[in-house]
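# Just the structure for this:
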Amino acid sequence: MRRIGMIIFSLILFITTFCVYKYETSGLPNLDYKRPSINIKSEKYGTITNIAYHRKESLKSWILFLGVKDKETSLYCLNVENGKVQKIKSYETHPNLKNVLLFNDGFVDNSIITAYDKGICKIQIDNREDENGNTIFEENKNLEKNSKIPIQNFENATSMDVKEKLYYTLKGDKLIYSRNIGNSRNSDVFHFMKNKKIPEYVTYYKRPYEVVNFNCIDEILSYTKLEKSGLNLYYIKFNDEGKTSLEIKNVVHAKGLKNDYGIIGIRDNQNKFEVFCKRRNDITMVLDKLDKNTDILGQVPDVDIITYNKEYTAVYTSFDEKHNGKIIVNGNAQASKVIVNNPKLLSPVRLIQYYVGSKKIEKVMFFTYENDSVKINICDIDGKNLKIIES
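The predicted structure follows:
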């Protein structure tokens with residue numbers, strides 16, 4: 001009888017688990033929106049998959065970009081003033097993360113983080129002047145700061161973020177994976193001080209769609225999860241016993257703020273796209289409501305933002321029914337205004353802020369599609385002093 005009871009109990013448990021699984025996975029919505037992305041064809045550099053400003057002040061006249069060619073990805077520096085390009089590093093292309101271009105926690109180091117087919121690269125750039133006064137960029141040869149770090153099963157990774165600790169997801173998996181990749185200021189340091197063994201990998205069963213951002217100051221990991229109600233954004237609060245909370249519903253796309261202590265993105269709110277921002281310990285702000293239109297390639301609007309304490313400057317794209325685009329600047333110190341109108345505007349947009357003496361400089365990078373090619377455009381925060389870079 002006891003054996004029969006165990007069989008019946010196991011059968012009930014199996015049926016319950018199966019029913020829960022079918023309920024959670026059936027009827028999930030399709031993600032029909034095309035997210036903003038950079039995909040520029042270049043004879044010299046292959047396919048340019050991402051472009052970003054470096055965070056170092058000494059690199060304010062340079063931008064970084066990734067070029068994929070012949071199954072190899074290369075990191076380049078481009079001088080926006082004279083068009084000079086320097087290659088920094090090349091590595092094997094990752095099948096899913098060929099556009100990853102991240103920056104490590106600046107309190108620890110200024111490493112650039114990219115993905116190769118079996119793991120991640122930590123790259124530190126040094127700059128010097130040659131005898132003619134030209135800036136030369138080189139990869140720092142210090143192995144602690146410049147290394148290819150192999151990660152188990154990473155060829156199947158679909159999303160990631162790094163702040164001395166790597167968080168990532170794998171294709172067809174229901175887990176979020178975590179691994180330490182360097183000395184960190186987070187709780188694992190204190191675990192070490194307590195003589196506790198730190199596991200190489202830690203997993204969290206969250207059924208994620210993708211990892212969005214790790215806030216290393218507040219120990220908060222944000223990720224999205226596809227549910228019947230849509231794509232929703234959650235927080236795992238490691239400083240609160242790993243408590244998980246739903247933060248933002250119906251997300252179209254999201255990313256970490258430039259200081260990494262919050263989230264910026266676009267969400268679907270019935271008949272509008274909402275530009276949202278959630279900073280540390282703040283409620284979610286809705287910066288604007290946009291018509292639900294796309295650029296000429298079908299991409300939804302993009303947004304970028306720079307914050308400092310309560311101040312912020314946001315820049316985002318918007319489109320009409322005919323895919324004519326405009327760039328809007330919004331901030332707590334100014335009313336929203338249109339700085340660019342262009343029928344050939346593409347969705348991706350970038351914002352950089354730096355200082356020359358006490359003067360604050362803000363520049364906007366955007367992209368246009370002309371004559372079957374993509375052009376890189378850089379202007380000031382008022383839409384003036386336009387500079388065009390051919391790919």
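# thinking Cys379 is in contact with Leu386, fair?
Yes: here Cys379 reaches Leu386: they are 4.6 Å apart, a contact under C-beta atoms under 8 Å. (C-beta placed from N, C-alpha, C; glycine too.)
# Show which residues not belonging to whichever strand or helix holds Val68 make contact with it.
Per DSSP states H and E, Val68 falls inside strand 62-69. For strand 62-69, contacts defined as C-beta atoms under 8 Å, 6 or more residues apart in numbering pick out 42, 45-54, 73-80, 93, 98-99, 101, 112, 114, 135, 137, 365.
# now with 6 Å?
With contacts defined as C-beta atoms under 6 Å, 6 or more residues apart in numbering, strand 62-69 is touched by 45-54, 73-74, 76-79, 93, 98, 101.
# So Cys379 and Leu386 - more neighbours on which side?
The residue with more neighbours, out of Cys379 and Leu386, is Cys379; 18 against 12, by other C-beta atoms under 10 Å.
# phi, psi of Glu274?
When read as degrees, to the nearest 10, the backbone of Glu274 gives phi -100, psi 130.
# Also Ser42?
phi -140, psi 130.
# can you count the residues close to it?
The burial count for Ser42: 15, using other C-beta under 10 Å.
# and if you look at Phe273?
By other C-beta under 10 Å, neighbour count at Phe273 equals 24.
# what helix or strand is it on?
Per DSSP H and E: strand 272-278 holds Phe273.
# and the next element down the chain from that strand?
For strand 272-278, the following helix or strand on the C-terminal side (DSSP H and E) is strand 285-291.
# so what strands line up beside that following strand?
Sheet pairing here is set by DSSP bridges, and for strand 285-291 it gives strand 272-278 (antiparallel).
# I'd like the distance from the partner strand to the chain centre, please.
Between the centre of strand 272-278 and the centre of its chain there are 16 Å (C-alpha atoms, centre = their mean, to the nearest Å).
# and this structure, what are its domains?
35-150, 154-249, 260-391 (automatic domain parsing).
# can you tell me which of those comes nearest to Leu11?
Among the domains of the chain, domain 154-249 comes nearest to Leu11, with 23.5 Å by C-beta to C-beta.
# Next, the distance between the ends of the closest one.
29 Å (C-alpha to C-alpha, to the nearest Å).
# Now that domain: average pLDDT?
For domain 154-249, the mean per-residue pLDDT is 85.
# can you give me the offset of it from its chain's centre?
Taking mean C-alpha positions (C-alpha atoms, centre = their mean), domain 154-249 and its chain are 14 Å apart.
# got it, and stretch 32-42?
14 Å.
# now do stretch 123-135
Worked out by C-alpha atoms, centre = their mean, stretch 123-135 lies 28 Å from the chain centre.
# go on, stretch 110-119?
The answer for stretch 110-119 is 13 Å, by C-alpha atoms, centre = their mean.
# Could I have the CA atoms of it written out in PDB?
The C-alpha coordinates for stretch 110-119 follow below in PDB (Å, rounded to 0.1, in the frame of the first residue of the first chain):
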ATOM      1  CA  ASN A 110      37.400  51.200 -17.300                       C
ATOM      2  CA  SER A 111      37.500  47.900 -19.100                       C
ATOM      3  CA  ILE A 112      35.500  47.500 -22.300                       C
ATOM      4  CA  ILE A 113      33.500  44.200 -22.300                       C
ATOM      5  CA  THR A 114      32.700  42.300 -25.500                       C
ATOM      6  CA  ALA A 115      31.700  38.700 -26.200                       C
ATOM      7  CA  TYR A 116      33.600  36.100 -28.200                       C
ATOM      8  CA  ASP A 117      32.300  32.600 -29.200                       C
ATOM      9  CA  LYS A 118      33.400  30.900 -26.000                       C
ATOM     10  CA  GLY A 119      33.300  33.700 -23.400                       C
END
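# Name the residues of that stretch that come out as buried.
Neighbour counts over stretch 110-119 (16 or more other C-beta atoms under 10 Å) mark Asn110, Ser111, Ile112, Ile113, Thr114, Ala115, Tyr116, Asp117, Lys118, Gly119 as buried.
# With pLDDT as extra columns, can I get those in TSV?
Formatted as TSV, these follow (pLDDT from 0 to 100):
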residue	pLDDT
Asn110	71
Ser111	84
Ile112	90
Ile113	93
Thr114	96
Ala115	97
Tyr116	97
Asp117	96
Lys118	96
Gly119	96
